[in-house]
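Enquirer: fold the following, please.
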Amino acid sequence: MNRDPKIFPDDDNGDALWNMMLQGDDLSKPREIDFSVIFSTQEDALKFGEVLLFNRQKVSMSECDDDPDFPYEITVHHYIDPTHSGISEYETLLQEYAEKYNGTNDGWGCYEQ
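Expert: Down below sits the predicted model:
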């Protein structure tokens with residue numbers, strides 16, 4: 001099977017989606033995708049989470065041991081089609097808002113369909 005660079009561009013998101021497809025995931029099925037955004041302070045994480053809640057986004061917050069400089073994680077549970085453009089555009093939107101609160105994207109994941 002050949003990888004179509006229009007559907008699976010040569011970047012982290014394209015690689016992840018390509019691997020999902022190779023493992024048998026049905027990428028035509030929309031699903032909840034969990035986007036992680038990390039923060040250095042609890043206050044910044046809460047402010048970011050409040051903005052998302054105000055915009056009717058489903059969020060959760062937890063402490064994160066992966067990076068001691070960014071110990072607070074907001075996970076945004078967003079229901080979309082698992083496409084490169086959809087995921088990349090939403091990550092860009094999250095990053096634009098997260099930067100206002102000293103946060104940064106830390107990846108995404110979802111369950112296989």
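
Enquirer: tell me which element the residue nearest the centre of the chain falls in.
Expert: Residue closest to the average C-alpha location in the chain (CA atoms, centre = their mean): Phe35, at 2.3 Å. Using DSSP states H and E, Phe35 sits in strand 31-39.

Enquirer: in this structure Gly103 contacts Phe35, no?
Expert: No: using CB atoms under 8 Å, Gly103 is not in contact with Phe35, being 11.5 Å away. The way it works is simple: take the backbone N, C-alpha and C, and place the C-beta from them, glycine included.

Enquirer: contacts only, for Leu53.
Expert: Contacts for Leu53 (CB atoms under 8 Å, 6 or more residues apart in numbering) come out as Val59.

Enquirer: just say helix, strand or coil for it.
Expert: helix (DSSP: H, G, I helix; E, B strand; the rest coil).

Enquirer: over to Glu43?
Expert: Going by three-state DSSP: Glu43 is helix.

Enquirer: separation between Phe39 and Asp65?
Expert: 14 Å (CB to CB, to the nearest Å).

Enquirer: the more surrounded of those two?
Expert: More crowded of Phe39 and Asp65, by other CB atoms under 10 Å: Phe39, with 26 against 8.

Enquirer: what's the pLDDT at the more buried one?
Expert: Looking at Phe39, its pLDDT stands at 98.
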